[in-house]
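K.L.:
What follows is a predicted structure for the sequence shown.
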Amino acid sequence: MLEIIDEYCWSKHKKIITQDVHQIPGLKNLTHWSHPFAFDPSPTHYHSDILEIHCMVKGERRTLLKQDSQFNSYTITGNEAFCIFPYELHGNGEQPQQPSEFYALQIDVSREAESILGLNQQYSHILRERLLSMEHRHLQLSSTEIQLIRTGFNLFSSEQRDDIINGCPFLTAFLFNLYYMSPIRKETLRQIDLHIQKAMNYVAANLTSALSVQDLAEISGYSISRFKSKFREEVGFTPADYITVQKMNLAKKLLETTEKNITDLAYELGFSSSNYFSSVFKKITSVSPLTYRRNVNHYHELYGKGKQP
């Protein structure tokens, strides 16, 4: 399998600060991804002596992780963190990733790394042992923890030595917090604010209607400004993005299970035209509705219906 070491990058949607640039011991790549469109998945790979932590701000990211000779699928959404330990095989599968924003940092946990983010040997050892002994890898992030890593990245991004040094304590505080974050368990549902849940339930029941953020705010009982900030804090999406993603999930299901033409499907989901529906669908999935349907039909021909790719 492939060991991937990303190179320095500073583009609109992908920013990677590598160790040769920031020169902080114990820290490898520090990354910020912000993709408004679907993007290509990462191939299966691993990292030697590196703990990699993905911190989702909004959107959704699917990770396949090899555990006990099989690959398990994890879906990480806004306000969640996911940790990948050294030498673990992981990737995103074959499907394009949905639009998302996340931070990622790689920590050198080898015994040769005597210092992590400027800590002395004693505290570096304590941090390393805590990180490697974490019982859970899928964790709940608070707005405080997201702000810590965001501030640290912003300071590092200036590439000024004083700013980079000032950014280290923010990242260090985030890393020590990891040990105490609440795990996300598949068998339990995360408790969401009841007012926001009421709005989410309304979206689920009315996906074929025109849905407005104003209407959802009124249903929740919050002012529109409070509703927008609270919704993103609770769900990890803006209300408008959440509506779009839910409509596209229903669109995929209808494309898989019915023979409805694209125009009828677009109007059924509350879109003003099939062209607009198709452009939104492609933005989310990276393929057109017709291509998605053909791909699903081709998979069913090969493997039979009722199975998941």
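P.N.:
Sure thing, it's come through.
K.L.:
Run through who's touching stretch 268-288.
P.N.:
With contact meaning C-beta atoms under 8 Å, 6 or more residues apart in numbering, stretch 268-288 is reached by 36-40, 96, 98-99, 207-211, 244-245, 247-248, 250-252, 254, 260, 262-263, 265-267, 289, 292, 295. Where you see a C-beta, it was placed from the backbone N, CA and C, and this is true even at glycine.
K.L.:
and the helix or strand containing Arg130, what other elements does it pack with?
P.N.:
Here Arg130 sits within helix 121-132, counting by DSSP states H and E. Packing partners of helix 121-132 (3 or more C-beta pairs under 8 Å, 6 or more residues apart in numbering; DSSP states H and E): helix 161-178.
K.L.:
pLDDT averaged over the helix it packs on, what's the number?
P.N.:
For helix 161-178, the per-residue pLDDT values average out at 96.
K.L.:
Dump it to CSV, restricted to CA.
P.N.:
Extracted in CSV, the C-alpha atoms of helix 161-178 (Å, rounded to 0.1, in the frame of the first residue of the first chain):
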residue,chain,number,x,y,z
ARG,A,161,8.1,33.0,12.9
ASP,A,162,6.6,34.9,15.8
ASP,A,163,3.0,34.0,14.6
ILE,A,164,3.9,30.4,14.2
ILE,A,165,5.4,30.2,17.7
ASN,A,166,2.3,31.9,19.0
GLY,A,167,0.1,29.4,17.2
CYS,A,168,1.7,26.4,19.0
PRO,A,169,-0.1,26.8,22.3
PHE,A,170,-3.5,26.8,20.6
LEU,A,171,-2.7,23.5,18.8
THR,A,172,-1.3,22.1,22.0
ALA,A,173,-4.4,22.9,24.0
PHE,A,174,-6.5,21.3,21.3
LEU,A,175,-4.4,18.1,21.4
PHE,A,176,-4.6,17.8,25.2
ASN,A,177,-8.4,18.3,25.0
LEU,A,178,-8.7,15.3,22.6
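K.L.:
No further questions, thank you.
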